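Engineer: For reference, the sequence and a predicted model appear below.
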Amino acid sequence: MSVVTSTRIGNSNKQRFNSSTISLAGTGTAPLSGTTPGFLAASPSSMNFGSIQLPNSQMLHETVTNSGGSSVTISSATVTGAGFSLSGFTASQTLAAGQSLTFSVYFAPSSGGTVSGALTLLSNASNTSVRVSLSGTGTSPGQLTVSPGSVSFGNVVVGTSQSQTGTLSASGSSVTVSSATSSSSEFALSGVAFPLSIAAGQSVPVTVKFTPQISGTASANISFASNASSSTVTETVTGTGASAIQHSADLSWGPSPSIVVGYYVYRSTTPGGPYTKINFSLDASTVYTDSTVQSGQTYYYVSTAVDATGMESGYSNQLQMVIPSP
């Protein structure tokens, strides 16, 4: 292609024209057949973190895909909204056609309430800005209480056990109790498994058992660890180990009207028998002390008379004996 230019030189009577030609050249490129511009698609298009109890956090994954036919360079990724943050993204990342990139978005609320925000990606794609809406709710931790706060078991015989029941209660928000510990092996928690979830406004029973190993006063702290606002609540327990009392049953009966050489004593734990002989040698007296009784047990006794030939009479009238506890 050529362009002609002119210059005018002259006076009022004459005009003279000089002309020159300048050559211009260039190359045009046609679009590649089937090629489309780069295009960014975000999945998911919105992220809802739900309810997160302070001071916990939640992580979700975001994936962006270049669904166009040309490479795309993502120049920046930013998040807005209190508590939202980004991890795993480096600026100026290039995605070839069909390539995807996955990174993490975190929500760590600093106070109770619903928070909204956005993730924004800027690139040289045909859609230069991609926006993903963010939302989440921070909830305040619940309160955990143990009732009663202190328990006294009183006197418990060494080697035996006594149990008392209390309650764990949650208020404000649900509470998860992760564990419980006792500062003394003589006091143990029973009847509950951990982790234990308690809904707000609900209570669950817990049982503490005192099994003294030695005589004397004992105490302990039962500590419950949880995700409540106070991470640990404590119940104080006390008790006294008492020496075992050895009871006995003193028996007596009227003498047989016949001539006898001695008596046998029988015992049962149910009225009317069956009875078991407890003295294996004839006792010539009409009194007997049973030193093998147990606290809190009721026994039923009968006796028989034996003559010189070894003949044994029938059972006498039954005598009931209640052994104190302890």
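Structural biologist: Thanks, I have it. Residues are numbered from 1 along each chain as shown.

Engineer: which residues sit against the host helix or strand of T240?
Structural biologist: Assigned by DSSP states H and E, T240 belongs to strand 232-242. The contact list for strand 232-242 (Cβ atoms under 8 Å, 6 or more residues apart in numbering) reads 144-146, 148-158, 162, 166, 186-187, 208, 210, 212-226, 326. The way it works is simple: take the backbone N, C-alpha and C, and place the C-beta from them, glycine included.

Engineer: Can you spell out the domain ranges of this structure, please?
Structural biologist: If you go by automatic domain parsing, the domain ranges for the chain are 40-139, 143-242, 249-322.

Engineer: Format those as TSV; extra columns: mean pLDDT and mean neighbour count.
Structural biologist: Formatted as TSV, the domains of the chain follow (pLDDT from 0 to 100; neighbours: other Cβ atoms under 10 Å):
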stretch	mean pLDDT	mean neighbour count
domain 40-139	94	16
domain 143-242	94	16
domain 249-322	95	14
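
Engineer: ok, back up a step: return the distance of the strand holding T240 from the chain's centre.
Structural biologist: Strand 232-242 has its C-alpha centroid displaced from the chain centroid by 24 Å (Cα atoms, centre = their mean, to the nearest Å).

Engineer: strand partners of that strand, parallel vs antiparallel please.
Structural biologist: Under the criterion DSSP bridges, strand 232-242 sits next to strand 150-157 (parallel), strand 216-226 (antiparallel) in its sheet.

Engineer: Moving C-terminal from that strand, which element do we reach first?
Structural biologist: strand 249-252.

Engineer: so how far is S147 from the spatially most central residue of the chain?
Structural biologist: Of all residues in the chain, the one closest to the mean position by Cα atoms, centre = their mean is P195, 3.4 Å from it. P195 sits 21 Å away from S147, going by Cβ to Cβ, to the nearest Å.

Engineer: do G50 as well
Structural biologist: From G50 to S147 the distance is 32 Å (Cβ to Cβ).

Engineer: Now do the same contact list for S190.
Structural biologist: 163, 207-209.

Engineer: For stretch 41-49, output the C-alpha coordinates as CSV.
Structural biologist: In CSV, the C-alpha atoms belonging to stretch 41-49 read as follows (Å, rounded to 0.1, in the frame of the first residue of the first chain):
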residue,chain,number,x,y,z
ALA,A,41,-15.1,-21.0,37.4
ALA,A,42,-15.2,-21.3,41.3
SER,A,43,-16.6,-24.3,43.1
PRO,A,44,-18.4,-24.0,45.4
SER,A,45,-19.8,-20.6,44.4
SER,A,46,-20.5,-19.8,48.1
MET,A,47,-19.2,-21.2,51.4
ASN,A,48,-21.3,-21.5,54.6
PHE,A,49,-19.2,-22.6,57.6
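
Engineer: OK, contacts around Y264?
Structural biologist: With contact set as Cβ under 8 Å, 6+ apart, Y264 has these partners: 277, 279, 282-283, 303-304, 306, 312.

Engineer: now do 6 Å
Structural biologist: 277, 304 (Cβ atoms under 6 Å, 6 or more residues apart in numbering).
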